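Q: Output the structure for:
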Amino acid sequence: MLSRVYVVRMTVFWERMTARFGAAYADSVSRDLVIASLGGRTVVDALAAGVEAAEVWRAVCEAVEVPVSDRH
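A: Residues are numbered from 1 along each chain as shown. All right, here's what the predicted structure looks like:
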(Lines give C-alpha, C1' and ligand atoms only; values in the text may rest on other atoms or scores of the structure.)
Protein backbone atom coordinates (compact mmCIF):
# COMPACT_ATOMS: atom_id res chain seq x y z
CA MET A 1 0.00 0.00 0.00
CA LEU A 2 1.27 3.47 -0.88
CA SER A 3 1.84 5.81 1.99
CA ARG A 4 -0.27 8.95 2.16
CA VAL A 5 2.87 11.12 1.96
CA TYR A 6 3.95 9.42 -1.29
CA VAL A 7 0.50 9.90 -2.84
CA VAL A 8 0.43 13.56 -1.85
CA ARG A 9 3.91 14.15 -3.25
CA MET A 10 2.99 12.46 -6.51
CA THR A 11 -0.22 14.49 -6.73
CA VAL A 12 1.69 17.72 -6.19
CA PHE A 13 4.33 16.64 -8.73
CA TRP A 14 1.73 16.02 -11.46
CA GLU A 15 -0.10 19.24 -10.59
CA ARG A 16 3.15 21.14 -11.07
CA MET A 17 3.89 19.37 -14.36
CA THR A 18 0.40 20.17 -15.65
CA ALA A 19 0.55 23.78 -14.46
CA ARG A 20 3.94 24.31 -16.09
CA PHE A 21 3.44 22.47 -19.39
CA GLY A 22 -0.31 21.92 -19.84
CA ALA A 23 -1.87 18.48 -19.63
CA ALA A 24 -0.92 17.13 -23.06
CA TYR A 25 2.60 18.50 -23.11
CA ALA A 26 3.27 17.40 -19.50
CA ASP A 27 2.48 13.84 -20.57
CA SER A 28 4.82 14.16 -23.54
CA VAL A 29 7.64 15.63 -21.45
CA SER A 30 7.26 12.93 -18.82
CA ARG A 31 7.49 10.12 -21.38
CA ASP A 32 9.92 11.54 -23.95
CA LEU A 33 12.45 13.78 -22.23
CA VAL A 34 15.52 11.81 -21.13
CA ILE A 35 17.27 13.58 -18.25
CA ALA A 36 20.94 12.85 -17.58
CA SER A 37 20.72 13.77 -13.88
CA LEU A 38 18.05 11.08 -13.49
CA GLY A 39 20.45 8.43 -14.73
CA GLY A 40 19.48 8.89 -18.36
CA ARG A 41 15.85 8.10 -17.58
CA THR A 42 12.59 9.75 -18.45
CA VAL A 43 10.37 11.22 -15.74
CA VAL A 44 8.07 8.20 -15.85
CA ASP A 45 10.99 5.76 -15.66
CA ALA A 46 12.64 7.65 -12.81
CA LEU A 47 9.44 7.72 -10.77
CA ALA A 48 8.85 4.03 -11.46
CA ALA A 49 12.39 3.32 -10.26
CA GLY A 50 11.61 5.01 -6.95
CA VAL A 51 13.28 8.37 -7.42
CA GLU A 52 11.63 10.90 -5.13
CA ALA A 53 9.10 13.15 -6.87
CA ALA A 54 10.83 16.26 -5.50
CA GLU A 55 14.15 15.17 -7.04
CA VAL A 56 12.45 14.46 -10.37
CA TRP A 57 10.77 17.87 -10.31
CA ARG A 58 14.11 19.60 -9.67
CA ALA A 59 15.68 17.65 -12.55
CA VAL A 60 12.84 18.60 -14.91
CA CYS A 61 13.14 22.25 -13.93
CA GLU A 62 16.89 22.24 -14.56
CA ALA A 63 16.58 20.34 -17.84
CA VAL A 64 14.05 22.74 -19.36
CA GLU A 65 15.42 25.82 -17.59
CA VAL A 66 12.35 26.70 -15.52
CA PRO A 67 13.14 29.98 -13.72
CA VAL A 68 13.90 29.45 -10.05
CA SER A 69 10.99 31.74 -9.15
CA ASP A 70 8.57 29.37 -10.90
CA ARG A 71 9.78 26.11 -9.33
CA HIS A 72 7.66 26.42 -6.14
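Q: First-to-last residue distance for stretch 56-72?
A: One end of stretch 56-72 to the other measures 14 Å (Cα to Cα, to the nearest Å).
Q: Okay, buried residues for that stretch please.
A: Neighbour counts using 16 or more other Cβ atoms under 10 Å place 56, 57, 59, 60, 61, 63, 66 of stretch 56-72 among the buried residues. Bear in mind the C-beta positions are built from the backbone N, C-alpha and C, glycine included.
Q: what sits against the first one?
A: So that's residue 56. When contacts are counted by Cβ atoms under 8 Å, 6 or more residues apart in numbering, residue 56 is found next to 13, 38, 43, 46, 47.
Q: 6 Å instead?
A: Residues in contact with residue 56 (Cβ atoms under 6 Å, 6 or more residues apart in numbering) are 43, 46, 47.
Q: repeat for the second one
A: The neighbourhood of residue 57, defined by Cβ under 6 Å, 6+ apart, consists of residue 13.
Q: now it: how far from residue 26?
A: 12 Å (Cβ to Cβ, to the nearest Å).
Q: Please tabulate the buried residues of stretch 56-72 in JSON lines, including the columns pLDDT.
A: What follows is those, written out as JSON lines (pLDDT from 0 to 100):
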{"residue": "56", "pLDDT": "95"}
{"residue": "57", "pLDDT": "93"}
{"residue": "59", "pLDDT": "96"}
{"residue": "60", "pLDDT": "95"}
{"residue": "61", "pLDDT": "94"}
{"residue": "63", "pLDDT": "96"}
{"residue": "66", "pLDDT": "84"}
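Q: Which of those fall in helices?
A: 56, 57, 59, 60, 61, 63 (DSSP state H).
Q: Name the nearest residue to the fourth one, sequence neighbours excluded.
A: Spatially, and ignoring its direct neighbours in sequence, residue 60 is nearest to residue 43 (6.3 Å; Cβ to Cβ, 6 or more residues apart in numbering).
Q: Can you give me the end-to-end span of stretch 46-59?
A: End-to-end span of stretch 46-59 (Cα to Cα): 10 Å.
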